[in-house]
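> Here is a sequence together with a model predicted from it:
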Amino acid sequence: MRIPDNGLSRDEVLRRLESYRVKDLATKGGRTWAYVYDSGRAEVDAVAKQAYMMYLSENALDPTVYPSLLRLETELAAMAAAHLGGDGNTVGNFTSGGTESCMLAVKTARDLARAKRPEIKEPEMILPVTAHAAFHKAAHYFGVKKVITPVDPVTFKADVKAMEKAITPNTILLVASAVSYAHGVVDPIPELGRVALRHDLLLHVDGCIGAFLLPYFRRLGAPVGDFDFSVPGVTSISMDWHKYAYCPKGASIILYRNKAIRKHQFYACAEWTGYTVINSTIQSSKSGGPLAAAWAVLNFIGDDGYMEIARRTYEATIKIIKGLEGIKEIRLLGRPELCLVAFTSDTVSVFHIIDEMKLKNWYIQPQLGYHDSKENIHLSISTVSLDRVDEMLADLEDCVARAKSLPFGQAEAMTRQAFADLDPNQLTDETFKEMLGLAGIQGGELPQRMAEINEMLNALPAKLRERLLIEFLNELFVYRS
């Protein structure tokens, strides 16, 4: 494909874009239970889009050039600090999303250790197995060793004793979740705070998906434990605006207890012939659009508006949990403390259930099995879900019945027999192409039904899963006319 010789008309450009969206998941209407977060209020979207476009061309690279962006960012950080038990010393920065926020927490811990504990040559951070993959990515990017610890196999909360036992002279950071994405539970953060203080370590709370709603759920009467800066020992918290604050992507915040910690997040470079680079976050050039949109949405909805959103979300979550408990083939994994629910089955393929739900125009998310977490279905519940709960549960029960008649286990058995003992580092490109072909993936295209592919991935060791998916992604991002 080439740039057209002659520019297309505005109408033709937009028509083509619209045609590209035919197979996309619906972002509105409450039928997509992952990846998108819908406030259900058209006026919120309108305000967000207008604010975004007002700042589309402004660049937040240099805060001295656009002081309005600096003001918006510091006001958002102040709002987040007030929301999460901070005080006048709490500081933060706006980021592109939860992954960047989590990665910055790791980078900050590494660079603080370089300054304060130069004897550490191979820094380590301790992660419960339920910690978000963003921390694994940070370990890979920043050269920090990840030390993985188990969680309680029933509650899926971090094992505090196991984490403390894993501490070595090289440990620079402990990580906890509020809530963990996979199971929607809050780790025992007060106990981990005491561990951090005893060992003089940083403790980051990943509140990317949960920290915004948890204070509202607590005000609604939910049994939410302490997780924020009110907990001694917590030194940083990440929280996404583009999830349950319903701001446009990408919008997140990383907060620190004080500037002395936060300064190790920053990066400066004067060793070249151009302008001196100083970055507060990973990005350099970045549009002011997401920042302005987040500020606009928070001010437009307000605390009372978010309380109403939280109430509807809380009611939907309780209703869904009760409905799932009424389907005998299904069991919950953990006890959700927010609006993230994971459930599995010991008699029916969850992957067939997902495919059957897709035929009824629902998207529910598969999660592969790992450690004590069996393969399962994940729901991210939003405020618009309340109007869809009865319909979704009825369709889910029907799809469970349909899935019971479908065979499963053959792909898993075949995969384990053929590939489970292979070393992913010694496999050739041809071997991976063969594996993709067996899964029904040709030329980067996915089949309509995904059950066999997910069953195959579920049977593979994690490292082999990773390599196979990288090979697939490498095929996917190739232009095909």
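Now that the structure is in, tell me what you want to look at.
> What separation do you get for residue 82 and residue 118?
Relative to residue 118, residue 82 is positioned 36 Å away (C-beta to C-beta, to the nearest Å). For every residue, glycine as well, the C-beta is placed using N, CA and C.
> quick one, which of those two is more surrounded?
residue 82 (11 against 8; other C-beta atoms under 10 Å).
> What's the per-residue pLDDT of that one here?
Looking at residue 82, its pLDDT is 98.
> tell me the secondary structure for it?
helix (DSSP: H, G, I helix; E, B strand; the rest coil).
> Give the full set of residues in contact with it.
Applying C-beta atoms under 8 Å, 6 or more residues apart in numbering, we find residue 82 in contact with no residue.
> And the one 10 residues further on, by the same measure?
For residue 92, the contacting residues are 76-77, 80-81, 253-256, 262, by C-beta under 8 Å, 6+ apart.
> Just give the nearest non-adjacent residue to residue 347, would you?
What sits nearest to residue 347 in space, not counting adjacent residues and going by C-beta to C-beta, 6 or more residues apart in numbering, is residue 329, at 5.2 Å.
> where does that neighbour land in three-state SS?
At residue 329 the chain is in coil, as set by three-state DSSP.
> Which stretches in the stretch 1-150 of the chain count as helices?
Remark: helices assigned in the stretch 1-150 of the chain by DSSP state H, counting those that start in this stretch are 10-20, 42-54, 67-83, 98-116, 133-142.
> Could I get those helices in TSV, plus columns for distance to residue 433?
Formatted as TSV, these follow (distance: least, C-beta to C-beta, whole Å):
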stretch	distance to residue 433
helix 10-20	27
helix 42-54	42
helix 67-83	47
helix 98-116	29
helix 133-142	25
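> most packed of those?
For the helices of the stretch 1-150 of the chain, the largest average neighbour count (mean count of other C-beta atoms under 10 Å) is found in helix 98-116, namely a mean of 22.
> Now do the same for that helix: mean pLDDT, whole number.
Confidence over helix 98-116 (mean pLDDT, whole number) is 98.
> just stretch 128-146 next, same as before
Mean predicted lDDT for stretch 128-146 stands at 98.
> ok, now stretch 261-270?
Regarding stretch 261-270, the rounded mean pLDDT is 97.
> Sort out which one of the contacts of residue 92 lies nearest residue 128 for me.
residue 254 (19.7 Å; C-beta to C-beta).
> In a strand, that closest one, correct?
Yes - judged by three-state DSSP, residue 254 forms part of a strand.
> what's the burial count for residue 285?
9.
> By residue count, what's the longest helix in the protein?
In the chain, assigned by DSSP state H, the helix with the most residues is helix 289-325.
> and of the helices of the stretch 1-150 of the chain, who's closest to residue 297?
Of these, nearest to residue 297 by C-beta to C-beta is helix 42-54, at 5.1 Å.
> Quick check: next helix or strand after the longest strand along the chain?
In terms of residue count, the longest strand belonging to the chain (DSSP state E) is strand 171-177. Once the chain leaves strand 171-177, the next helix or strand it forms, by DSSP states H and E, is helix 189-198.
> can you give me the mean pLDDT across the helix or strand that comes right after that next one?
Once helix 189-198 ends, the next helix or strand along the chain (criterion: DSSP H and E) is strand 202-206. Per-region confidence: strand 202-206 scores 98 on mean pLDDT.
> Same question for stretch 459-466.
Stretch 459-466 shows an average pLDDT of 87 in the prediction.
> roughly how far is it from the heart of the chain?
Chain-centre distance of stretch 459-466: 20 Å, with C-alpha atoms, centre = their mean, to the nearest Å.
> before we move on, the earlier item: after the longest helix of the chain, which helix or strand is next?
Beyond helix 289-325 on the C-terminal side, the first helix or strand identified by DSSP H and E is strand 331-332.
> Show me what the helix or strand just after that next one is in contact with.
Per DSSP H and E, the first helix or strand lying C-terminal to strand 331-332 is strand 340-344. The contact list for strand 340-344, computed with C-beta under 8 Å, 6+ apart, reads 179, 181-184, 209-210, 317, 320-321, 324, 330-334, 336, 350, 367, 373-381.
> 6 Å - rerun?
Applying C-beta atoms under 6 Å, 6 or more residues apart in numbering, the contact partners of strand 340-344 are 183-184, 324, 330, 332-333, 350, 374, 376-380.
> Could I get those in JSON lines, plus columns for distance to residue 3?
Below are the contacts of strand 340-344 laid out as JSON lines (distance: C-beta to C-beta, whole Å):
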{"residue": "183", "distance to residue 3": "47"}
{"residue": "184", "distance to residue 3": "46"}
{"residue": "324", "distance to residue 3": "51"}
{"residue": "330", "distance to residue 3": "52"}
{"residue": "332", "distance to residue 3": "52"}
{"residue": "333", "distance to residue 3": "49"}
{"residue": "350", "distance to residue 3": "45"}
{"residue": "374", "distance to residue 3": "49"}
{"residue": "376", "distance to residue 3": "45"}
{"residue": "377", "distance to residue 3": "43"}
{"residue": "378", "distance to residue 3": "41"}
{"residue": "379", "distance to residue 3": "42"}
{"residue": "380", "distance to residue 3": "38"}
